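> Let me see the structure of the following:
(chains A and B)
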There are 2 protein chains.
Amino acid sequence: MRVLVLGGNGFIGSHLVEALVASGTHVRVLTRSGQYIQPLHGVEYRYADFVADSASLAESLVDVDIVIHLISTTVPATANLDPIADIKGNLLSTVRLLQQMRDQGVSRLVFLSSGGTVYGDAKTIPIPEEYERNPVSSYGIVKVAIENYIAMFSSQHGLKSLVLRVSNPYGPRQGHLGVQGVIPTFFQRIIAGEEIRIWGDGSSVRDYLYISDLVSFAVQGINRDLAGVYNVGSGQGASLKDILSLIEEISGRSAKVSYLTPRGFDVKKVVLDISKARKALDWVPTVSLREGCERYWKWVKG
Amino acid sequence: MRVLVLGGNGFIGSHLVEALVASGTHVRVLTRSGQYIQPLHGVEYRYADFVADSASLAESLVDVDIVIHLISTTVPATANLDPIADIKGNLLSTVRLLQQMRDQGVSRLVFLSSGGTVYGDAKTIPIPEEYERNPVSSYGIVKVAIENYIAMFSSQHGLKSLVLRVSNPYGPRQGHLGVQGVIPTFFQRIIAGEEIRIWGDGSSVRDYLYISDLVSFAVQGINRDLAGVYNVGSGQGASLKDILSLIEEISGRSAKVSYLTPRGFDVKKVVLDISKARKALDWVPTVSLREGCERYWKWVKG
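Numbers count the residues shown, from 1 in each chain, chains lettered A, B, ... in the order given. Below is the predicted model:
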């Protein structure tokens, strides 16, 4: 099996590529840069801009059995600032990918959707996959549109797809500049002695998933030819305040915190119902939030 | 109240503009061409391409209280052929409109969504507004994304919006080249002695709404400052075979029909639950399918 990982050098991609290589899979990576990890032995790297360079994408698809699409040009916190760029960089480029795959006869796709944004302000907690999708942010709106196009290409052109509605993944290599993940951001700010800014009162709850648990689900799904839409999370909720005190405890430092006016596009609570994922594979999240934060802390301290 | 009608010279737009003018509203129209009706006295016409010409759009928004957005660059039957063009022509241009309205302080919008495509293959008939949106065609996917952006601009930027999920509107001036509406298409083909082509076995059911009933809902909604999402249909279903025999009866001619393989993106049955619309306004559809077809036939015969 030959796998093309779009964004294979990003936070999630780099971990996934390592795991795929370890499981003996032939991996090709399309990436803009060598941002996260040094090139791995046995992995074929293609350096190109996924959004702008469709010729390189077409070339990268040659002899590929399955595409794992992890590229996002935006993050939930900033996509609203420029929805036009969000649509162009993510929706248009992904529809082009689907067309290109169809034209080149590549029939399997794994897509990273967003369990944290596609449902919007859900009234059912934990949220099952069949819950209606009412996204309230550009990031979520675009993910829903992409999911819908994937379903359309599945029913009309025979695409076999696995959509992972991932909650808040975290772990080593994740960006910590305040837009990508709260756990790295909080840790880095507490180390630097900088103020931690929280939108709202710190009660907002998310479902944090350690990167290795996400990777193990994805690798099993790929190897066992899983198809469909799956929530991939811990199934547990933690508030920003929970995260803060855990980080203070683990780092042994106390945080300076300022609370800001809540943002309109931040939903109050997201916890994913992961029973479908658990039933589909021999999979269960194994790294608790405390252990994941401890691992991240060890990694940061080098 | 000053109203800007985007697409005010199209099939729906031209009827709506006539009704607004008759109710004493000041109307400005943005249109590419004078396709449907001669310029009406008292209406201000601006000729420009909504998708490509954002400067003309900005100019058209000056001193406007409410925008009625009826422009679609695609139709359900053809949007799938080029989803990229569908996204660019409809989603991107509408998000630009929302941004432009926000920047220029125009706070009211009426948007024409699609009751026939946003729900996909619904299991509940008739379909209420709160039914989940699982579109199976590009046309529906784009309409859902636009609805979501409108909701986002409403909650974050104070936009007041009225979204009309219209079923299959029909009536005089509707295109009859086989892509816009089955009723005009069937009538024109039977007149020309041409074959009528039906995808599937003719059992697929739609909710047909005569244009004057759609217009009366929209005008009342505009004048009474209605906001929210409403199904606007007849609440009744008719199959393609029903339509065919009605048209044969009214025209007194018999149709030559060929049945083609069903298209993957055609849902089996759409009938809208219109109880929310009925409760919100003193509105009820008044033109039966038979009467509407008779009126169309009279109009065609001149």
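
> from here on, contacts and neighbour counts on C-alpha atoms
OK.

> Show me how far the helix or strand of chain A at the bottom of the mean pLDDT ranking is from its chain's centre.
Using mean pLDDT, DSSP states H and E, the weakest-scoring helix or strand in chain A turns out to be helix A:76-79, at a mean of 83. Relative to the chain's own centre, helix A:76-79 is displaced by 13 Å; criterion: Cα atoms, centre = their mean, to the nearest Å.

> which outside residues touch it?
A:85-86, A:117, A:137-140, A:179-180 (Cα atoms under 8 Å, 6 or more residues apart in numbering or on different chains).

> Can I get those residues in JSON lines including secondary structure, pLDDT and neighbour count?
Converted to JSON lines, the contacts of helix A:76-79 look like this (DSSP: H, G, I helix; E, B strand; the rest coil; pLDDT from 0 to 100; neighbours: other Cα atoms under 10 Å in any protein chain shown):
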{"residue": "A:Ala85", "secondary structure": "helix", "pLDDT": "96", "neighbour count": "16"}
{"residue": "A:Asp86", "secondary structure": "helix", "pLDDT": "97", "neighbour count": "22"}
{"residue": "A:Thr117", "secondary structure": "coil", "pLDDT": "95", "neighbour count": "29"}
{"residue": "A:Ser137", "secondary structure": "coil", "pLDDT": "94", "neighbour count": "28"}
{"residue": "A:Ser138", "secondary structure": "helix", "pLDDT": "97", "neighbour count": "29"}
{"residue": "A:Tyr139", "secondary structure": "helix", "pLDDT": "96", "neighbour count": "27"}
{"residue": "A:Gly140", "secondary structure": "helix", "pLDDT": "97", "neighbour count": "28"}
{"residue": "A:Val179", "secondary structure": "coil", "pLDDT": "65", "neighbour count": "13"}
{"residue": "A:Gln180", "secondary structure": "coil", "pLDDT": "74", "neighbour count": "20"}
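
> Quick check: of these, which lies closest to B:Ile127?
Comparing the contacts of helix A:76-79 against B:Ile127 with Cα to Cα places A:Gly140 closest, at 24.5 Å.

> centre of the chain versus stretch A:242-250, how much separation?
Put simply, stretch A:242-250 sits 23 Å off its chain's centre (Cα atoms, centre = their mean).

> What residues of that stretch count as buried?
By neighbour count with 16 or more other Cα atoms under 10 Å in any protein chain shown, stretch A:242-250 contains the buried residues A:243-244, A:246-247, A:250.

> Stretch A:82-94 now?
Going by 16+ other Cα under 10 Å, stretch A:82-94 has these buried residues: A:83-94.

> Could you tell me which of these belong to helices?
With DSSP state H as the criterion, helices contain A:83-86, A:93-94 from among the buried residues of stretch A:82-94.

> Redo these as TSV? Include distance to B:Asp103.
Shown next, in TSV, are these (distance: Cα to Cα, whole Å):
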residue	distance to B:Asp103
A:Pro83	15
A:Ile84	15
A:Ala85	18
A:Asp86	19
A:Ser93	28
A:Thr94	30
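
> picking that back up, near chain B too, which of the contacts of helix A:76-79?
Taking Cα under 8 Å from any Cα of the partner chain as the test, chain B is in contact with A:137-138 out of the contacts of helix A:76-79.

> could you dump the contacts of helix A:76-79 to CSV with distance to B:Ala19?
Below are the contacts of helix A:76-79 laid out as CSV (distance: Cα to Cα, whole Å):
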residue, distance to B:Ala19
A:Ala85, 38
A:Asp86, 38
A:Thr117, 41
A:Ser137, 36
A:Ser138, 36
A:Tyr139, 39
A:Gly140, 38
A:Val179, 50
A:Gln180, 51
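
> Spell out which parts of chain A neighbour chain B.
So chain A meets chain B at A:83-84, A:87, A:92, A:95-96, A:132-138, A:141-142, A:144-145, A:148-149, A:151-152, A:155-156, A:264-265 (Cα under 8 Å from any Cα).

> same thing but at 7 Å, please
A:84, A:92, A:132, A:135-137, A:141, A:145, A:148, A:152, A:156, A:264 (Cα under 7 Å from any Cα of the partner chain).

> Buried residues of stretch A:156-163, list them for me.
For stretch A:156-163, the neighbour count (16+ other Cα under 10 Å) marks A:157, A:159-163 as buried.

> Which of those fall within strands?
A:160-163 (DSSP state E).

> who does the strand or helix carrying A:Ser155 touch, helix- and strand-wise?
If you go by DSSP states H and E, A:Ser155 is part of helix A:138-157. Judged by 3 or more Cα pairs under 7 Å, 6 or more residues apart in numbering or on different chains; DSSP states H and E, helix A:138-157 is in contact with helix A:76-79, strand A:108-114, helix B:138-157.

> And these: which comes nearest B:Gln38?
helix B:138-157 (29.6 Å).

> Can I get stretch A:66-84 as CSV, trimmed to CA atoms?
The C-alpha trace of stretch A:66-84 is given here as CSV (Å, rounded to 0.1, in the frame of the first residue of the first chain):
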residue,chain,number,x,y,z
ILE,A,66,-4.6,6.3,-0.5
VAL,A,67,-4.4,10.0,0.3
ILE,A,68,-4.4,11.3,3.8
HIS,A,69,-5.3,14.9,3.7
LEU,A,70,-4.2,16.8,6.8
ILE,A,71,-3.5,20.2,5.3
SER,A,72,-5.3,23.2,6.7
THR,A,73,-4.3,26.7,5.8
THR,A,74,-6.3,28.1,8.7
VAL,A,75,-6.9,27.4,12.4
PRO,A,76,-10.2,27.8,14.2
ALA,A,77,-9.0,30.9,16.1
THR,A,78,-8.2,32.9,12.9
ALA,A,79,-10.3,31.5,10.1
ASN,A,80,-13.1,34.0,10.8
LEU,A,81,-10.8,36.9,10.2
ASP,A,82,-10.6,36.0,6.5
PRO,A,83,-13.3,33.6,5.5
ILE,A,84,-12.5,34.2,1.8
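
> the strands in the stretch 101-250 of chain A, which residues?
Applying DSSP state E, counting those that start in this stretch to the stretch 101-250 of chain A gives strands spanning A:108-114, A:160-166, A:168-170, A:196-199, A:205-206, A:208-210, A:228-232, A:238-239.

> Dump those strands to a markdown table, plus mean pLDDT.
As requested, the strands of the stretch 101-250 of chain A are exported to a markdown table (pLDDT from 0 to 100):
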| stretch | mean pLDDT |
| --- | --- |
| strand A:108-114 | 98 |
| strand A:160-166 | 98 |
| strand A:168-170 | 96 |
| strand A:196-199 | 91 |
| strand A:205-206 | 96 |
| strand A:208-210 | 98 |
| strand A:228-232 | 98 |
| strand A:238-239 | 98 |
